[in-house]
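1. Turn this into a model:
(chains A, B, C and D)
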2 protein chains.
Amino acid sequence: MKVMRETIVSTARELFRSKGYAGASMNDLADAVGLKKSSLYVRFPNKEALVPAVLDLTLQETFGDRDRGSRQWDVEFADVIELIATTLTDRGRCVGLHLAYGTSDETPIAKDAVRAFFQAHRDHLSSILSRAMPADVARNIATDTLARLEGATAFVAIFGEKDAMKRAVRLSIEEAKNAAVATSLSRVSS
Amino acid sequence: MKVMRETIVSTARELFRSKGYAGASMNDLADAVGLKKSSLYVRFPNKEALVPAVLDLTLQETFGDRDRGSRQWDVEFADVIELIATTLTDRGRCVGLHLAYGTSDETPIAKDAVRAFFQAHRDHLSSILSRAMPADVARNIATDTLARLEGATAFVAIFGEKDAMKRAVRLSIEEAKNAAVATSLSRVSS
DNA sequence: TTGACAACCGACCGTTCGGTCGTATTTTAC
DNA sequence: GTAAAATACGACCGAACGGTCGGTTGTCAA
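-> Prediction:
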């Protein structure tokens, strides 16, 4: 009857996503995976330790087995943000953002994990974009893309609307391509 | 020693903003306003009833005493989104979004209040924009503007970065102006 | 078959949660 | 001046919280 660690982590992710850090209880998690609360403490020292595990799993699923650099930058960029957008649309909420809002100085480990989570997202996107534009431009576009996706998720969460997410994806891809064109033009003129 | 209702509501807003619905307790609120918990229940029937009060206050402060329609649409649009952006940057979080993520079917009154809150934001922005463009375009731009602001707030919350918010404001204003120009051009050509 | 080890559970701890109620105190109205 | 209404409080409730601990069960290698 052994319960997989990944089962616990991905179930914890669902709970954090829908109820937030404070709203999700260890008892909820235990019930959801078919264990008793005390058994959870064999695998995780405390509730806070679930947060890095949850975010690491999500990062792995998003950027893990991606064939990095083997394709055109624009295809890879479009692929990864469409993957993120689809996940956000299907789940209706972003675990990372819910945990970002739900953690504070009282949960420093969770807070650090959230920072690392978003930093990793930005770094990944930025590294794809910087194949076609200067690093500072890439970083800003990566940031704005993530912001747009997070904001569009709010409209999925509140109204169930998916249009905003579609526009966010389209506009982000356009913005990246425009920046790439502007970069190549300025290279020619200089 | 009477404590103003608005004091309670705006203090509740701070708590909801920083700790979320589940994370903010009635005891926290009582301590913060200098009352005992039982005294709060004289003014509010339960915790959930604080949510509409908090969001109504915020709406009032954002759109309340604005001289509607007396100025150019673009000035008014820029003004109101700069007010929102400044508030979000200063506070580091959006109460509305934190409550949107923190409420569920178990708190229907709060959930409805959140929907009304964001709908009111969208309606207000949309009505300003529709002075210069078709209603459907205005609605989409209003939505995307709010999404951008919410997303940029995440980067303030997580990294303390304010640049993303500045870009969000600038890009939203540009997008609105471009749509207005496109509208007037298509009117001429038809 | 047995010993060892990992997985799991029930009972329990102190604390905090949202919420209620009877009562004391202050303000207001007549 | 006095009655009524508003305001605040202390004590309390059952439930849920995160977390601990001693003991039982299941698995597997020797």
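
2. so what's the spatially most central residue of chain A closest to, chain neighbours aside?
-> Nearest to the geometric centre of chain A sits A:Gly96, at 5.9 Å (CA atoms, centre = their mean). Excluding the flanking residues, the one nearest A:Gly96 by CB to CB, 6 or more residues apart in numbering or on different chains is A:Phe117, at 5.1 Å. C-beta here means a position set from N, CA and C on the backbone, and glycine is covered the same way.

3. Output the longest helix belonging to chain A.
-> Using DSSP state H to define each element, chain A has its longest helix at helix A:163-189.

4. what about the residue nearest to the centre of chain A, helix or strand, and which?
-> For A:Gly96, the host element (DSSP states H and E) is helix A:95-102.

5. Could you do A:Asp105 as well?
-> Counting by DSSP H and E, A:Asp105 is found in no helix or strand.

6. Can you get me a residue count around it?
-> A:Asp105 has 6 neighbouring residues, counting by other CB atoms under 10 Å in any protein chain shown.

7. Enumerate the residues of chain A near chain B.
-> For chain A, the contact set with chain B under CB under 8 Å from any CB of the partner chain comprises A:18-23, A:93, A:97-98, A:100-102, A:104, A:114-115, A:118-119, A:140, A:143-144, A:146-152, A:154-155, A:157-159, A:161, A:163-164, A:167-168, A:171.

8. Can you list the low-confidence ranges for chain A?
-> Scanning chain A for pLDDT under 70 picks out A:1, A:67-69, A:187-190.

9. Just give the number of residues close to the residue in it that DNA strand C sits nearest to.
-> Across chain A, the shortest distance to DNA strand C (CB to the nearest atom of the strand) belongs to A:Ser38, at 2.7 Å. By other CB under 10 Å, the residues close to A:Ser38 number 9.

10. Please apply the same query to A:Thr58.
-> As a burial measure, A:Thr58 scores 22 neighbours (other CB under 10 Å).

11. Point me to the helix or strand that includes it.
-> Going by DSSP H and E, A:Thr58 is part of helix A:50-63.

12. Only C-alpha atoms, please: export that helix in PDB.
-> Taking C-alpha atoms only, helix A:50-63 is exported to PDB below (Å, rounded to 0.1, in the frame of the first residue of the first chain):
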ATOM      1  CA  LEU A  50       6.000  20.600   0.700                       C
ATOM      2  CA  VAL A  51       6.300  23.900  -1.100                       C
ATOM      3  CA  PRO A  52       9.800  23.400  -2.600                       C
ATOM      4  CA  ALA A  53       8.800  19.900  -3.600                       C
ATOM      5  CA  VAL A  54       5.600  21.100  -5.300                       C
ATOM      6  CA  LEU A  55       7.400  23.900  -7.200                       C
ATOM      7  CA  ASP A  56      10.300  21.700  -8.200                       C
ATOM      8  CA  LEU A  57       7.900  19.100  -9.700                       C
ATOM      9  CA  THR A  58       6.200  21.800 -11.600                       C
ATOM     10  CA  LEU A  59       9.400  23.200 -13.000                       C
ATOM     11  CA  GLN A  60      10.500  19.700 -14.000                       C
ATOM     12  CA  GLU A  61       7.300  19.200 -15.900                       C
ATOM     13  CA  THR A  62       7.500  22.500 -17.600                       C
ATOM     14  CA  PHE A  63      11.200  22.700 -18.600                       C
END
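
13. Determine the set of other helices and strands touching it.
-> helix A:5-23, helix A:73-91, helix A:95-102, helix A:108-129 (3 or more CB pairs under 8 Å, 6 or more residues apart in numbering or on different chains; DSSP states H and E).

14. Reformat the ones you listed as TSV; add distance to B:Asp56.
-> Shown next, in TSV, are the helices and strands packed on helix A:50-63 (distance: least, CB to CB, whole Å):
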stretch	distance to B:Asp56
helix A:5-23	23
helix A:73-91	29
helix A:95-102	21
helix A:108-129	31
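
15. In JSON lines, list these along with distance to DNA strand D.
-> Output for the helices and strands packed on helix A:50-63, formatted as JSON lines (distance: least, CB to the nearest atom of the strand, whole Å):
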{"stretch": "helix A:5-23", "distance to DNA strand D": "7"}
{"stretch": "helix A:73-91", "distance to DNA strand D": "21"}
{"stretch": "helix A:95-102", "distance to DNA strand D": "12"}
{"stretch": "helix A:108-129", "distance to DNA strand D": "11"}
